[in-house]
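[1] Below are the sequence and a predicted model for it; my questions follow.
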Amino acid sequence: MIRPLITHPNDVLRGKNEDIIDVSDSKLKTLVQDMRETMIHANGVGIAATQVGIALRVAIVAAPETKERVIINPRILRRSWKRWSLEEGCLSVPGSYGDVRRPWRIRVRYQDLSGKEHIETAEGMLARVFQHEIDHLDGMLFIDRAKHVHSD
């Protein structure tokens, strides 16, 4: 089911998101499927639960040319010193874009839908999408990090 996207300004996007205790909950699987359909419908490369109004630490990372990942309770463990800027946009801030400087490489820990823990090193665009979605789960938007935000 395609869910309505929460757009800025909305306090839901700035709230604290709770860790997921039971990854086997069927409601979580339904939420993730709905998030996937919503993301695809909106032509996104990632989506966080907060963007559909749910304050849980779950997101989908679907960076171009990579396999899709459902990330549950993600935490960034390490960030590289090397940074790079790239224009970002967001499904929750429609029509706005801005250059965001982010670490080129990160190391991230998360669980998948089966509850298995992963520790992954991501670089480039994949690292950027991970960071963007984890920011959502921490109540932060790309416009908080962008040097200059402009509309199309």
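    Received it, and whenever you're ready, just let me know what you need. Numbers count the residues shown, from 1 in each chain.
[2] Report the buried residues of the longest strand along the chain.
    Longest strand in the chain, counting residues (DSSP state E): strand 69-79. Within strand 69-79, the residues scored as buried using 16 or more other C-beta atoms under 10 Å are 69, 70, 71, 72, 73, 74, 76, 79. The C-beta positions use only the backbone N, C-alpha and C, and glycine is treated the same way.
[3] helices or strands up against that strand?
    Helices and strands touching strand 69-79, by 3 or more C-beta pairs under 8 Å, 6 or more residues apart in numbering; DSSP states H and E, are strand 58-61, strand 105-111, helix 124-137.
[4] Please identify the most buried of those.
    For these, the largest average neighbour count (mean count of other C-beta atoms under 10 Å) is found in strand 58-61, namely a mean of 27.
[5] List of residues touching it?
    20, 28, 31-32, 35-36, 39, 45-49, 68-74, 126, 129-130, 133-134, 136-137 (C-beta atoms under 8 Å, 6 or more residues apart in numbering).
[6] From the chain's centroid, how far away is that strand?
    Averaging C-alpha positions (C-alpha atoms, centre = their mean, to the nearest Å) puts strand 58-61 5 Å from its chain's average.
[7] follow-up on the earlier one: which helix or strand lies directly C-terminal to the longest strand of the chain?
    strand 83-88 (DSSP states H and E).
[8] now the longest strand of the chain and strand 105-111, what's the angle there?
    Put simply, strand 69-79 runs at 130 degrees to strand 105-111, going by axes from the mean of the first three to the mean of the last three C-alpha atoms, to 10 degrees.
[9] tell me how far strand 69-79 is from the chain's mean position?
    Offset of strand 69-79 from its chain centre (C-alpha atoms, centre = their mean): 10 Å.
[10] Equivalent analysis for stretch 48-62, please.
    Its chain's C-alpha centre and that of stretch 48-62 lie 7 Å apart, by C-alpha atoms, centre = their mean.
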